[in-house]
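Let's see this in three dimensions:
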Amino acid sequence: MEEYEPPFVEIYKNLFDTHEALMNKNYNEDVFDEVEELELPMIDLSRLYRGGRESAKCKKEIAEASKEWGFFQVINHGVSLDILNKMRSEQMKVFKRPFFDKANNNGNLNFPAGSYRWGTPSATCLRQLAWSEAFHVPLTDISNMGGLTSLSTTMDQFATMVSSLAENLAEILAEQLGHKSDFFKQNCLPSTCYLRMNRYPPCPKYSQVFGLMPHTDSDFLTILHQDQIGGLQLVKDGKWIAVKPNKEALIINIGDLFQAWSNDVYKSVEHRVVTNNQSERFSTAYFFCPSYETMIQSCDENPNYRRFSFKEFRQQVQDDVKKFGYKIGLPRFII
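Numbers count the residues shown, from 1 in each chain. As a prediction, the model looks like this:
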């Protein structure tokens with residue numbers, strides 16, 4: 001094993017052994033089905049700046065994709081290809097640092113405490129194990145990562161650009177529901193949003209282990225840049241589909257908070273990442289989150305969900321994961 005790889009097999013040996021015993025008894029439900037690869041709806045955001053009918057049509061497409069898919073991809077999004085390439089290059093370098101340094105924040109990494117995460121400490125079976133590692137960093141902590149390093153500078157540039165994009169998309173989605181407000185500008189600040197760099201190592205048990213288990217995102221919007229390896233899958237019309245990678249596009253997905261805020265008009269869709277045994281995969285995700293004190297309330301007169309704070313929502317998710325091994329999410333807050 002390379003010195004930079006997390007010790008998945010050693011640390012989670014009991015889960016692998018238990019799963020092997022079940023497989024020997026002909027429990028073969030754990031093998032992934034083949035899924036069809038499709039392209040997400042593609043939206044050219046340059047049309048927003050042409051005004052008139054072109055702009056209105058673009059905004060409508062954003063809303064329609066959020067209703068029908070919960071996912072879409074955008075081009076001409078304002079984040080240069082140069083920054084996207086630099087982001088991936090810097091990620092690759094930091095993830096190839098020795099595992100001991102990553103786990104202990106040694107070797108001048110200067111990440112905030114607790115940023116590095118790998119595996120799933122709470123996993124009680126193989127299907128709950130995430131075969132991945134990540135650096136999860138609050139936006140306001142990026143500038144504290146040891147000054148103007150190439151990594152922190154690139155992260156800061158990427159975060160600044162996607163923050164603006166997320167706010168713009170959120171305002172468009174609110175506008176399409178007939179709500180012109182500064183709710184997102186007031187509540188989703190750099191101090192409450194996060195950047196997460198992900199690496200999915202090659203997995204010898206790729207047919208039995210997720211890179212990231214099925215879930216929905218606990219935010220308003222997620223903006224994702226992924227490489228060409230593929231592995232992201234989502235539920236569409238009751239079945240899993242694989243998302244075809246596009247190096248120039250950013251993927252946008254609706255989170256739980258937007259589904260609640262829109263009263264189920266926009267959909268927070270279950271998605272997952274599958275591994276493979278040949279190639280590692282890299283991605284960067286930006287999470288558009290409010291402050292913990294922000295109250296989430298449906299914009300409809302007949303709400304499907306009770307009013308709740310983001311802090312309450314996050315705590316409920318954490319409690320459920322600890323108790324059941326998986327997130328329950330919005331169903332906890334249905335009236």
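
residues making contact with the helix or strand containing V9?
Using DSSP states H and E, V9 sits in helix 8-11. The contact list for helix 8-11, computed with Cβ atoms under 8 Å, 6 or more residues apart in numbering, reads 16, 118-119, 129, 131, 201, 204. All C-beta spots, glycine's among them, are computed from the backbone N, C-alpha and C.

how about JSON lines for those, with pLDDT, secondary structure and neighbour count added?
Shown next, in JSON lines, are these (pLDDT from 0 to 100; DSSP: H, G, I helix; E, B strand; the rest coil; neighbours: other Cβ atoms under 10 Å):
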{"residue": "F16", "pLDDT": "89", "secondary structure": "helix", "neighbour count": "18"}
{"residue": "W118", "pLDDT": "97", "secondary structure": "strand", "neighbour count": "20"}
{"residue": "G119", "pLDDT": "96", "secondary structure": "coil", "neighbour count": "17"}
{"residue": "L129", "pLDDT": "93", "secondary structure": "coil", "neighbour count": "26"}
{"residue": "W131", "pLDDT": "97", "secondary structure": "coil", "neighbour count": "27"}
{"residue": "P201", "pLDDT": "97", "secondary structure": "coil", "neighbour count": "21"}
{"residue": "P204", "pLDDT": "89", "secondary structure": "coil", "neighbour count": "14"}
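
Which of these sits closest to L81?
P201 (25.9 Å; Cβ to Cβ).

In contact with that closest one, which residues?
5-6, 8, 131-133, 275, 280.

Which ones among the residues you listed map onto strands?
E133 (DSSP state E).

Where does confidence bottom out across the contacts of P201?
Here the lowest pLDDT out of the contacts of P201 sits on T275, with 92.

Name the nearest residue to that residue, ignoring sequence neighbours.
Counting by Cβ to Cβ, 6 or more residues apart in numbering, C203 is the residue found nearest to T275 once chain neighbours are left out, at 3.7 Å.

what's the spacing between the one you found and S279?
10 Å (Cβ to Cβ, to the nearest Å).

Cheers, nothing more for now.
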